[in-house]
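Asks: sequence and computational prediction follow.
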Amino acid sequence: MFTFDHVHFYYKKGQPVIDDVSFTIQAGEFVSIVGANGSGKSTVAKLIDGLLLPKKGTVKFHQLDTANPHDLMKIHQQIGFVFQNPEDQFITTTVMDEVLFGLQNIQVPREEMRGRVEASLRAVHMEDYLDAMPHQLSGGQKQRVAIAAILAMRPQMIIFDEATSMLHPEGRKQVLAIMQDLHHQGMTIVHITHHMEEALQAERILLIHEGRLQFDGDPLRFFETVAVTNYQLQLPFQVRLHKTLQLEGPIAVNWKEGIRSQWSIN
Amino acid sequence: MVYQLNNVSVKYSNRTAVRNISCTIEEGKWISVIGQTGAGKSTFVQVLKGLISNIDGDYLIDQRPVKRDAKGQLMVIPEIGFVFQYPEHQLFETTVFKELVFAPKQQGWSHQQISKSISNVLPLLGLAEDILPLAPFQLSGGQKRRVAIASVLMMNPQLLIVDEPTAGLDPVSKAALLQLLKNWQQQESRTIVFVSHQMEDVAEYSDEVIVFHEGCLVKQLDTRSLFLEQPHLLENIGMSLPESIQFLRIVEELAGEKINISSCREQEILDKILPIWRARGLLNV
Amino acid sequence: MSESVLIGQYIETNSVFHRLDPRTKIVSIFIIMLSFLMLGTVTSYVIATLFVFGILMISKIPFPIFMRGLKPILFILFFTFIYNVLLTKGTVIWSWSFIEVTMEGIQNGVRFVWRIILLVLLASILTLTTKPLELASGLEKLLAPLSKLHVPVEQFSLMIVIAIRFIPTILQELERIILAQKARGHDISNLPFVKRMLAYIPILVPLLFTTVQRAEQLTYAIDARAYGKGKGRTAYKLLQFQQVDYVVGMVAVLFVITVLVIKIGGM
């Protein structure tokens, strides 16, 4: 559905930010793109949505090419983007206007607007904040409004570019739960993060380091085979536990149950 | 030095930010301040630094009331360093060197004092001398953060307030920065007041914890008592126990015995549990 | 502080004026203000005064709020008055050295000051009963014909929205930076003038830097939500004239005609 084909990107020639990266994402997948600060993972995210254009190679969503200005509008509608900073993506002055903003851009019929706004706010549990202004919302709430604004545009895929990293634990939990919800409803999710606990939620991990794709595969194999600290990352707690206690079998995603069952076996 | 607040309240025009805060901050400790957004944490640390000029109640340093200006207002306390969230956003000079000497110059330090302080501070934060002539914008995000912290440490503070200093850093940079701060605090026997939402970091590094809720200081207690004896205090402010401590709890429950640990550091907890695990024959070696 | 920028001076009293289309208010108030330039005779002043105060009553906004709006211009009013009193030639009623106060001067002074007061009161009706965003969309609609001449009216309107949205955010940022620099021993209060100007650098440079970063992020955010330059957008709220708009418009026109008649008839 989505392809990244031998993509190169740089701001200054001779200093590649993305260096020959290729991968494909299937509809309905939940993918985490991980890497340290400055690894290039956020650049990959912006290339996916056509916010940046490749210097070499192609980025395609179905048959739409980000390099084609005509396709770009359709790509923006079909791929939503949640940014890291909740403050800097709230464009208008109320929640209602914020969700309307995208709908007005893609010229949704006026009669449909109200219904779409309400439905998408309900999906992120923000329906009671229709008239709230940005400064009355917490970071987590602003991120949820950003997600609603995207959902209203009915996209097929949403990119979360470190969207949880500036949130407090409560807001982070809420946004992660919404991601899971959307994934179960069939949405394609791309989650950019350096929190390995969060990456463990995905079905597939792409590791970016110094602009190159270093790993592409499922999370358990990632933590078993990759020396993550070499990439400025950290093993999630359950993997540390698994390794310290030298537990049998595969790493349990729910480690608490894993511990209990191991204990009861013996 | 001992910093002491007695019944301190701060009122803004339409609300009370903190109410009747009393606490003592002793030398040589890492003290974490936790609580929800708006619970009063940042007002509390701003009071400590003397950034809020109008407070009710008393603020004593070494039993003496802090200096006030002619109008009776509190003044900034120079012996306390304060690292704000995203401190790299306060950099403004054209070179790292100028950035570092900004505060000392304001205080009228001599050249010798300044260069001595620079040679102390750079290794503390794992920075090399060759970055001194660089412009801050040439540095990576993590380096900028460390330069900003270095510019505060230049003043050789007795007490350092850090407000979520690792926000936005990747896990290894984050652990490295906290460890650098821990080393500085322990080796020089300084005090750190650490505002954080990450219970893992609080458990890992702090000696004491101050818990804030709705503008009140609920409790000041040592880290072990908080996580092991009074975890309900965390629940009340919507924070969860670090996973390592949850793990400890589960093993205690399964084994039906209390496991004695002296600190809440993850490595120690795992080390303590390993023998129990081994004794049960649960290892597949 | 944040709130005050978002709602401007807007005060909810649920009057007729609050329900008016912003375009009606802008145009009506504009032509009435223009007609004030023709005020001359005592009769015309009395009629204009009664008219303006009638509007104030209908707006249901407490009178002290209007008074508050006049405060900042007291200085200007005072000098306008003095200027007229001293520099109008006519029947001298009091003099001291070279200073002469004339009857005509006092009359002129009162007229000028009163006219300014009426203008300010009228203008404040617009800002007190209309939210900044409504004003912006009203202006956008009024200027819409210009987009045929390739004037980017819609982008201009988005700019206004973003400005209203981000002023509080940037002010907060400013407060944060001032506090952070103060904590580093930076104090601007006790410096002589020239040094104080230089002392703003540690505050303004970081502010500029973060604002530029913000702007960059915002550009991405706007692009990501398919905002196409000059592609056309569907409006959610249709501005539509109601009966009350026509009534108010007629009243405004009627007032302007009255002033004209008085002017021409010399009453």
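Replies: Everything's here; your move. Numbering: from 1, shown residues only, chains lettered A, B, ... in the order given.
Asks: going forward, measure contacts and count neighbours with C-alpha atoms only.
Replies: Noted.
Asks: all helices for the stretch 101-250 of chain A, in order.
Replies: Ranges of helices in the stretch 101-250 of chain A, per DSSP state H, counting those that start in this stretch, are A:110-123, A:139-151, A:169-184, A:196-199, A:219-225, A:237-244.
Asks: ranking those helices by burial, who's on top?
Replies: Per residue and on average, the most neighbours among those fall to helix A:139-151, with a mean of 25 (mean count of other C-alpha atoms under 10 Å in any protein chain shown).
Asks: just confirm yes or no for that one near chain C.
Replies: Yes - counting by C-alpha under 8 Å from any C-alpha of the partner chain, contacts between helix A:139-151 and chain C involve A:Ile150.
Asks: about what we covered before: in TSV: the helices of the stretch 101-250 of chain A, plus mean pLDDT.
Replies: Output for the helices of the stretch 101-250 of chain A, formatted as TSV (pLDDT from 0 to 100):
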stretch	mean pLDDT
helix A:110-123	95
helix A:139-151	96
helix A:169-184	94
helix A:196-199	92
helix A:219-225	90
helix A:237-244	86
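Asks: show me what the helix or strand harbouring C:Leu121 is packed against.
Replies: Counting by DSSP states H and E, the element that carries C:Leu121 is helix C:103-129. Taking 3 or more C-alpha pairs under 8 Å, 6 or more residues apart in numbering or on different chains; DSSP states H and E as contact, the helices and strands that helix C:103-129 lies on are helix C:22-36, helix C:42-59, helix C:63-70, helix C:74-87.
Asks: relative to helix A:237-244, how tilted is the host helix or strand of B:Pro275?
Replies: Using DSSP H and E, B:Pro275 sits within helix B:266-279. What separates the directions of helix B:266-279 and helix A:237-244 is an angle of 50 degrees, with axes from the mean of the first three to the mean of the last three C-alpha atoms, to 10 degrees.
Asks: any chance of a markdown table for the helices of the stretch 101-250 of chain A, columns distance to chain B?
Replies: Shown next, in a markdown table, are the helices of the stretch 101-250 of chain A (distance: least, C-alpha to the nearest C-alpha, whole Å):
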| stretch | distance to chain B |
| --- | --- |
| helix A:110-123 | 23 |
| helix A:139-151 | 10 |
| helix A:169-184 | 7 |
| helix A:196-199 | 9 |
| helix A:219-225 | 15 |
| helix A:237-244 | 7 |
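Asks: nearest to A:Gly35 among those helices would be which one?
Replies: Between A:Gly35 and the helices of the stretch 101-250 of chain A, the shortest gap by C-alpha to C-alpha is with helix A:196-199, which sits at 9.8 Å.
Asks: what is the neighbour count of the residue nearest to B:Phe212 when sequence neighbours are not counted?
Replies: With sequence-adjacent residues excluded and distances taken as C-alpha to C-alpha, 6 or more residues apart in numbering or on different chains, B:Phe212 is closest to B:Gly35, at 4.8 Å. Taking other C-alpha atoms under 10 Å in any protein chain shown as the neighbour definition, B:Gly35 ends up with a count of 26.
Asks: before we move on, what about C:Asn84?
Replies: When neighbours are defined as other C-alpha under 10 Å, C:Asn84 has 22 of them.
Asks: circling back: list the buried ones in the helix holding C:Leu121?
Replies: Judged by neighbour count using 16 or more other C-alpha atoms under 10 Å in any protein chain shown, the buried positions of helix C:103-129 are C:103-106, C:108-129.
Asks: CA atoms of stretch A:198-213 as CSV?
Replies: The C-alpha atoms that make up stretch A:198-213 are tabulated as CSV, following Å, rounded to 0.1, in the frame of the first residue of the first chain:
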residue,chain,number,x,y,z
GLU,A,198,5.8,2.0,23.4
ALA,A,199,7.6,0.4,20.5
LEU,A,200,6.7,-3.0,22.0
GLN,A,201,3.0,-2.2,21.2
ALA,A,202,3.7,-2.3,17.5
GLU,A,203,3.6,-5.3,15.2
ARG,A,204,6.7,-4.3,13.5
ILE,A,205,9.8,-2.2,14.2
LEU,A,206,11.9,-0.2,11.8
LEU,A,207,15.2,0.9,13.3
ILE,A,208,16.8,4.0,11.8
HIS,A,209,20.4,4.9,12.7
GLU,A,210,22.4,7.7,11.0
GLY,A,211,19.9,7.9,8.2
ARG,A,212,19.9,4.2,7.4
LEU,A,213,17.5,1.4,7.9
